[in-house]
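Undergrad: Below are the sequence and a predicted model for it; my questions follow.
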Amino acid sequence: MAAPEIDIQYVAHLARLELTAAEQQKFGDQLGHILEHIEKLKQLDVTNVEPTAHAAPRVNVTRADEVRPSLSHDDALRNAPARANGLFIVPKIVE
């Protein structure tokens, strides 16, 4: 099955891209090849394949939380340019 005609200008507009004519031709060819590959994948028999969210099992590799020594409150505020009531004072930013 031939890949359907792709409106590259429309796709570029959606992606907020400005493409030259050469880039439109190049990306059009690339998208066509991608769609052809997807059509080939659609022909595979996946009736006995269980759906998965990830191709490989995900494992959390972070360390366990444990209490360790850290900076004291006064040490953390020592170099603060401005502070009040034990807190950092930062400029208010409103857009």
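TA: On my side now, so go ahead.
Undergrad: How far away from the center of its chain is the helix ranked longest in the chain?
TA: Scanning the chain for the helix with the most residues, using DSSP state H, yields helix 21-42. Remark: helix 21-42 is offset 22 Å from the chain centroid, using CA atoms, centre = their mean, to the nearest Å.
Undergrad: same thing with stretch 76-95?
TA: Relative to the centre of its chain, stretch 76-95 is centred 33 Å away, using CA atoms, centre = their mean.
Undergrad: Kindly report the same for stretch 45-60.
TA: The answer for stretch 45-60 is 21 Å, by CA atoms, centre = their mean.
Undergrad: ends of that stretch, how far apart?
TA: Using CA to CA, to the nearest Å, one end of stretch 45-60 lies 33 Å from the other.
Undergrad: And the average pLDDT for that stretch is what?
TA: For stretch 45-60, the mean pLDDT works out to 85.
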